[in-house]
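[1] my questions concern the predicted model and sequence given below.
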Amino acid sequence: MTTLIPLQDRRPASPVRAQNLLAVASGKGGVGKTWFAITLSHALARARQRVLLFDGDLGLANVDIQLGLMPHRDLASVLGGQAPFAQAVTHFAPGKFDIVAGRSGSGCLSGITPARLHGLTDDLMAAAVAYDTVIVDLGGGIEQTVRELTRRAAGAIVITTDEPTALTDAYAFIKFTRMDQPAGDISIVVNKATSRAEGERTYATLNRACQGFLGFSPRLLGVVRRDVLVREAIRIQSPILTGFPSSDAASDVEAVAQRLLSG
Ligand SMILES: Nc1ncnc2c1ncn2[C@@H]1O[C@H](COP(=O)(O)OP(=O)(O)OP(=O)(O)O)[C@@H](O)[C@H]1O
Ligand SMILES: [Mg+2]
């Protein structure tokens, strides 16, 4: 006798995580995740990588705002059932990378159900095979969307600044991520640092807490200096590597990209 298998059960099981997917996280909001995720995507694309940037801040998306994009299709179209995931991929020609944008200003995706979130991450994993690297810009906090997207990533880049609240929240993110996937790769980028030396001291503070309480040492991936041109690039809605490629902050992110490429 033939047993009928419901359609949804016939889909091949999606892999637990994509080896080329990197989540940009922080815990605390406003530390520069979105700007860093855009600039890292751009730097990797300039190094001839095929890159997809996914706006994973489902509640308060703003990759589109920082780049002045008005995509025809976005994640809201996908989750609203108006378009398949593939149609939400927009090519960002000035940066030579692809973007799946959220819908800024609507907040309509903040209450996504676990089942829909799972379906969306499955679509992202399927799309990831066409790229060398997929960068996911996460929202702040450590709620379910952040944790689910991080679980699907091969590694998390945790952005912090020297503010005690940013350090505490980065530590909280690292602690939860270690609980979810003890073998997951976690690295640190200190952003808005007044100098490289000061950024290294900030990293050392966070590393001491991780060593002391978690018995684990995330590596320092880079220090990005505070730079007035970051704000200016965002104001004119243009990537910093286009308008100000030799600025301090742009060069620091390019160094991070080179470090990632050299393994
Ligand atoms: N290296 C830097 N130097 C100066 N300003 C910076 C730097 N990086 C980010 N900023 C500023 O920090 C602010 C927040 O940046 P961004 O929106 O990328 O942060 P976020 O972590 O994504 O925030 P949210 O959690 O709200 O999504 C912006 O106004 C940006 O200009
Ligand atoms: Mg953001």
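    That came in fine, so what should we check first? Residues are numbered from 1 along each chain as shown. Ligands and ions are numbered 1, 2, ... in the order given.

[2] residue 28: neighbour count?
    Other residues lying near residue 28 total 20 when counted by other Cβ atoms under 10 Å. C-beta here means a position set from N, CA and C on the backbone, and glycine is covered the same way.

[3] that one looks like it's in a helix, true?
    No: read with DSSP: H, G, I helix; E, B strand; the rest coil, residue 28 is coil and lies in no helix.

[4] now it: closest residue in space that isn't a chain neighbour?
    Nearest residue to residue 28 in three dimensions, chain neighbours excluded: residue 169, at 3.8 Å (Cβ to Cβ, 6 or more residues apart in numbering).

[5] cool, and residue 227?
    residue 249 (3.7 Å).

[6] so that neighbour: helix, strand or coil?
    Three-state call for residue 249 (three-state DSSP): helix.

[7] show me what contacts it?
    The contact partners of residue 249, taken as Cβ atoms under 8 Å, 6 or more residues apart in numbering, are 39, 224, 225, 226, 227, 229, 230, 240.

[8] what does residue 72 give?
    residue 90.

[9] which SSE is the residue nearest to residue 28 in?
    In the assignment (DSSP states H and E), residue 169 maps to helix 164-180.

[10] could you see whether ligand 1 lies near that helix?
    No: Helix 164-180 lies out of reach of ligand 1 by Cβ under 6 Å from any ligand atom, never closer than 9.4 Å.

[11] elements contacting that helix?
    With contacts taken as 3 or more Cβ pairs under 8 Å, 6 or more residues apart in numbering; DSSP states H and E, helix 164-180 sits against helix 144-151, strand 153-160, strand 185-193, helix 196-209.

[12] then stretch 200-211 to PDB, C-alphas only?
    The C-alpha coordinates for stretch 200-211 follow below in PDB (Å, rounded to 0.1, in the frame of the first residue of the first chain):
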ATOM      1  CA  GLU A 200      42.000  46.600  21.300                       C
ATOM      2  CA  ARG A 201      41.500  47.600  25.000                       C
ATOM      3  CA  THR A 202      37.700  47.400  24.500                       C
ATOM      4  CA  TYR A 203      38.100  43.900  23.000                       C
ATOM      5  CA  ALA A 204      40.300  42.900  25.900                       C
ATOM      6  CA  THR A 205      37.600  43.900  28.400                       C
ATOM      7  CA  LEU A 206      35.000  41.800  26.600                       C
ATOM      8  CA  ASN A 207      37.400  38.900  26.100                       C
ATOM      9  CA  ARG A 208      38.100  38.900  29.900                       C
ATOM     10  CA  ALA A 209      34.400  38.500  30.700                       C
ATOM     11  CA  CYS A 210      34.000  35.700  28.100                       C
ATOM     12  CA  GLN A 211      37.100  33.900  29.400                       C
END
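
[13] show me which residues of it are buried.
    202, 203, 206, 207, 210 (16 or more other Cβ atoms under 10 Å).

[14] now do the third one against ligand 1, distance only.
    Which is residue 206. 16 Å (Cβ to the nearest ligand atom, to the nearest Å).

[15] just to check, residue 112 is in contact with residue 120?
    Yes: if you go by Cβ atoms under 8 Å, residue 112 and residue 120 touch, sitting 7.5 Å apart.

[16] which residues do these two both contact?
    Joint contacts of residue 112 and residue 120 (Cβ under 8 Å, 6+ apart) are residue 79.
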